[in-house]
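> give me the fold of what follows.
(chains A and B)
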Amino acid sequence: MKVRTRFAPSPTGNVHIGNMRAAIYNWLFARHHGGQFLLRVEDTDRERSTPEAIQTLLDAMVWLKLDFDEEPLYQSTRMEAHLEAAEMLLSKGLAYKEDKGGTGQGECVIFRMPGTDSIFEDGIKGTLSKKAENMQDFVIVRSNGTPVFHLANVLDDIEQNVTHVIRGDDHVENTFRHIALYKALGADVPKYAHLPMIVNAQGKPYSKRDGDAFVGDFREKGFLGEALFNYLALLGWSPGDDREIMSMPEMVEAFSLERCQSSAAQVDLKKLTWMNGEYMLKLPDEDFEMICFGELDKAGIDAEPEYARRIFKLVRERVKTVADIVPMTGYFFADEFEYDEQAVRKKLQKDGVADTLAKVKAVFESLEIFDEASTDKALHDFVETSGLGFGAVMAPVRIAVSGVQSGPDLFPLLNVLGRERVLKRIERTTGLFLS
RNA sequence: GACCCCUUCGUCUAGUGGCCUAGGACUCCAGGUUUUCAUCCUGGCAACACGGGUUCGAGUCCCGUAGGGGUCGCCA
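From the prediction side, this is the model:
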């Protein structure tokens, strides 16, 4: 039997990372077994299921490189089939009509639970069972004539020949219902596997309040799709050895449900950031540059390509996320850059700094050639003859030309800026803070 | 409340009865390198929720307790 898994989100515009992780596991499982990974858009909620929301969902999948087989199935197109199935269950006496609770809303269709104990083998949690007396009949068609999730979901899984349902923990109770539905419908019951939930930094379930758990947020925060994929894959699963940074083929090769954790996992942004940095470092230069240009563009910075490329090289290994790029390079492009207040106070506004900067400026002016090697030598000579410490000279110079205390190595930095900018900036800094 | 499920360093995890004085990664700390920050290198802190069994031997099996979570909709 060929493995077929699916991702069945409702397109609300915000895909939670818990759902995305489920999608990743489904994808990994299908690919590992040489099977198919399908997409089903559960768009029966007409209010929230806008074309934009569907596009957002598709974009997220492309971003994470979750390619699916076959055309996506849109649940909204299946209403007739769902209702037909309900009629069939009704005619067989497996369901009945009732004005539930006597609300006067009219009659809905209710599925009759078989009245026997239920047991199934969960791919992650092991044997799960439930006594008949703890399971109740449930609504499958509302009194307004629309099918309920349980019916639609099961019917569509049957339609798509889904063999393995890998989904969140919150569905285990539903599984007993769904299994009963499969049997009533005369279809083969798929294998189930329930993933533990992802919780926030407080160890609590993500709520609407934790506005940072949607896939789009991670993209905005500057994470790479590949890194998030890798991180999410490892959140609740491990290959069994010490590998952590893994390529998609490696993960596909190593993936198995047996190695999935059955307890909740907490997202650790620090580790994600670290992992993202590793992926940034592995990026081909051209890709890195393209991302950088994109970021500058978004920030409204008009960068001269040659100059910009030299800057990108300088910050290459320091960048942890895409969002670091503009803050780390902004001062290269704007002579009117902002100053870090603390840096100014601690390193600049001290006795002798004005004099030091004036002398350094003179040294730079007198240089025949202004490049990395010459500024390096000149400044070292200056330190020696002036009797000042390296820090007392380098720090003010750095802040004078960049506004911040940290950044690329000073001499390559000066070299890329060029003499003209360096002199102008020292002058401006002196004027602003030291006169 | 009822029914299910979960519990190894702060976090993600390895561990399927002896190889565990519990390993790795992130974070954090210290030292080294460096003009600074970052990187890098070295080292360090840090966990089997608790209590009973079973066993020659338990993080690993069983039973309780505690804590956490899920579900209990004409939402999905």
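
> and stretch A:191-205, anywhere near RNA strand B?
Yes - using CB under 7 Å from any atom of the strand, stretch A:191-205 reaches RNA strand B at A:Met197, A:Gly203, A:Lys204, A:Pro205. No exception for glycine: its C-beta is placed from N, CA and C like everyone else's.

> so how many other residues sit close to A:Asp188?
Neighbour count for A:Asp188, taken as other CB atoms under 10 Å: 11.

> touching, it and A:Val162? I think so.
No - with contact defined as CB atoms under 8 Å, A:Asp188 does not reach A:Val162; the gap is 10.2 Å.

> let's have the residues of stretch A:191-205 next to RNA strand B in a markdown table, adding neighbour count and secondary structure.
Converted to a markdown table, those look like this (neighbours: other CB atoms under 10 Å; DSSP: H, G, I helix; E, B strand; the rest coil):
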| residue | neighbour count | secondary structure |
| --- | --- | --- |
| A:Met197 | 17 | coil |
| A:Gly203 | 8 | coil |
| A:Lys204 | 12 | coil |
| A:Pro205 | 14 | strand |
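
> so which of the residues you listed is the closest to RNA strand B?
Distances from RNA strand B to those, taken as CB to the nearest atom of the strand, are shortest for A:Pro205 (3.8 Å).

> for that closest one, what are its contacts?
A:Pro205 is in contact with A:Met197, A:Val199, counting by CB atoms under 8 Å, 6 or more residues apart in numbering.

> if we can go back for a sec, now tabulate the residues of stretch A:191-205 next to RNA strand B in TSV and tack on pLDDT.
Output for the residues of stretch A:191-205 next to RNA strand B, formatted as TSV (pLDDT from 0 to 100):
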residue	pLDDT
A:Met197	92
A:Gly203	82
A:Lys204	84
A:Pro205	81
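
> just those now: which is nearest A:Asp376?
Taking CB to CB as the measure, A:Gly203 is the one of the residues of stretch A:191-205 next to RNA strand B closest to A:Asp376, at 50.5 Å.

> how close does that closest one sit to A:Asp268?
12 Å (CB to CB, to the nearest Å).

> contacts for the worst-scoring helix or strand of chain A on mean pLDDT next, please.
Ranked by mean pLDDT, DSSP states H and E, the helix or strand of chain A with the weakest confidence is helix A:341-343, at a mean of 83. For helix A:341-343, contacts defined as CB under 8 Å, 6+ apart pick out A:Ile399, A:Gly403, A:Val404, A:Gln405.

> by neighbours, which of these wins?
A:Ile399 (24 neighbours).

> tell me where chain A has strands.
Here chain A has its strands, by DSSP state E, at A:4-7, A:36-41, A:73-74, A:95-98, A:108-111, A:118-122, A:126-130, A:138-141, A:164-168, A:191-195, A:198-199, A:265-266.
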